[in-house]
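1. Predicted structure and sequence below. I'll ask about it afterward.
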Amino acid sequence: MTKIDITTRRVRNALASHGETKDAAISVAGEGGLITLSGKVASQEVKEAAERVASQQEGVVEVINDIVIQKDDIVERLNLPTAVPPQQFQ
């Protein structure tokens, strides 16, 4: 097994066991310490956590975070706003 494979495996294992990222559909690709994250997650917080967790693993030199934040399907299908502007309550 090469060092690249070990680093990629470390990142995958860390994401799979971390509280914020364990249930997320995140793919990990790696080469020469360069890790690329992709997939869809529910929030910006999960996206940031994935990058943070990946960057903390031994052998990681750089993380490219191509993860996409996926809106809730119901909100998107009904074309509803994700938040109500405060002026609507006045």
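-> Perfect, I can see it now.
2. going forward, measure contacts and count neighbours with C-alpha atoms only.
-> Fine.
3. Show which residues not belonging to the helix ranked longest in the chain make contact with it.
-> Counting by DSSP state H, the longest helix found in the chain is helix 3-17. Helix 3-17 has contacts (Cα atoms under 8 Å, 6 or more residues apart in numbering) with 21-23, 27-33, 35, 50, 53-54, 57-60.
4. So what touches the following helix or strand past it?
-> As assigned by DSSP states H and E, the chain's next helix or strand after helix 3-17 is strand 25-31. Residues from elsewhere that reach strand 25-31 (Cα under 8 Å, 6+ apart): 4-5, 7-8, 11-12, 35-41, 67.
5. Tell me the strands beside strand 25-31, with direction?
-> Paired neighbours of strand 25-31 in the sheet (DSSP bridges): strand 34-41 (antiparallel).
6. quick check: mean pLDDT across the partner strand?
-> Looking at strand 34-41 alone, the average pLDDT works out to 97.
7. now the angle from the next helix-or-strand element following that strand to helix 3-17?
-> Sequence order places helix 44-55 as the next helix or strand after strand 34-41, per DSSP H and E. With axes from the mean of the first three to the mean of the last three Cα atoms, to 10 degrees applied, the angle from helix 44-55 to helix 3-17 works out at 140 degrees.
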